[in-house]
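Participant: pasting a predicted model and its sequence here:
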Amino acid sequence: MPINRVKDIVILGIVGDSASGKTTLASGIVKILGEDRVAMLGCDDYHRFSRRERAERDVSALDPAANHIDILEQHLKLLRQGQPILKPVYDHHSGELVRPEYLEPRPLIIVEGLLGFTTRALRECYDVKVYLEPDEELRVRWKMARDTVRRGYTRDEVLASLERRRADSPAFIHPQRTFADIVVGFHPPEERPEESGAGLNARHVLRPTLPHPDLTPLLESAHSGGIHLELCRDGDGKPVDVLEIAGTIDPHRARRVEDLLWRLLPEAQHLRQSIGEFTDAEDRTTTSAPLAISQLLVAYHVVKAAMGVHAL
């Protein structure tokens, strides 16, 4: 349990490589929890250098040395204590550090970024920790689509960025996986390797560091229904539950799963709405059942953490 905290503040950390789906996952969780009750903080705002300066120094944004990790630690501790911060701001379109913003804490805080679990001091600030690890080829396709359509990069610039970061991802990003309570990965089905949207499968590694919801009422004939839970060994050999959600999950079963999870969140029933939305490669908004279920599962843990200290 984090120390020196205000009892009515709960913090969710979402970490993953560039274009792994952090913002997309977080956006649905905000809808579930209520926009007026959630403060968002992006770790990218704590970049030490502008895009031009990183290029001049031959350093990537994935390197902790290119980020103000110490200031991020201080700011999370202040928010944890119920105090406001003057948050730096990084403009992804221009690649510049711009005017900082005044950020007041709210009952629920979502922190998402590349390096959120890098230090012990950061990790101690969270009540729930999620790591995203999509299929690597899928992540590259997502990054190419996002950076060219919404961030103004050329295709060659994105490819060059991926090449520069090739060694940094395993060195700085991937080791943070071991600290997560939940590891979420999206991957295309074997029969459709080109899939990158609503038809993706989702895999949740559920570690025993959190008490996970009981989904057994929905797991009968699981393979035919598109959802399956089994006990496995994680990469470190420790036992974990692995929940598989097929992109082809039967819509009726998907609704049953969502209904069960909403019933487990009575404090948020008044906020119930459509979730699972994402922006596809053509910059169109669509929905995914595995994404919606993933957002509800993470929100469940945030609500349960909040119930331990205050009522929503």
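Facilitator: In hand now; what should we look at?
Participant: confirm residue 243 sits in a helix?
Facilitator: No. The secondary structure assignment for residue 243 gives strand rather than a helix, going by DSSP: H, G, I helix; E, B strand; the rest coil.
Participant: and the next element down the chain from the helix or strand of the chain with the lowest mean pLDDT?
Facilitator: Taking mean pLDDT, DSSP states H and E as the measure, helix 222-225 is the helix or strand of the chain with the lowest mean score, a mean of 52. On the C-terminal side of helix 222-225, the nearest following helix or strand under DSSP states H and E is strand 227-233.
Participant: got the CA positions of that following strand in CSV?
Facilitator: Taking C-alpha atoms only, strand 227-233 is exported to CSV below (Å, rounded to 0.1, in the frame of the first residue of the first chain):
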residue,chain,number,x,y,z
ILE,A,227,-13.9,-16.6,-23.9
HIS,A,228,-11.6,-19.0,-22.1
LEU,A,229,-9.7,-18.9,-18.7
GLU,A,230,-6.9,-21.3,-17.8
LEU,A,231,-4.1,-21.6,-15.3
CYS,A,232,-0.7,-21.1,-16.9
ARG,A,233,2.9,-20.3,-16.1
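Participant: what sits up against it?
Facilitator: The set of residues that contact strand 227-233 without belonging to it, under CB atoms under 8 Å, 6 or more residues apart in numbering, is 205, 215-216, 218-219, 222, 239-246, 249, 253, 257, 293. Where you see a C-beta, it was placed from the backbone N, CA and C, and this is true even at glycine.
Participant: show me where pLDDT drops low in the chain?
Facilitator: Scanning the chain for pLDDT under 70 picks out the ranges 1-7, 218-225, 267-271, 308-312.
Participant: tell me which residue of it is furthest from the middle?
Facilitator: With distances taken as CA atoms, centre = their mean, the residue sitting farthest from the centre of the chain turns out to be residue 56, at 30.3 Å.
Participant: just the buried ones from the contacts of strand 227-233, in PyMOL syntax?
Facilitator: One line in PyMOL is enough to select the buried ones among those; burial here means 16 or more other CB atoms under 10 Å:
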select buried, resi 205+215+218+219+222+240+242+243+244+245+246+249+253+257+293
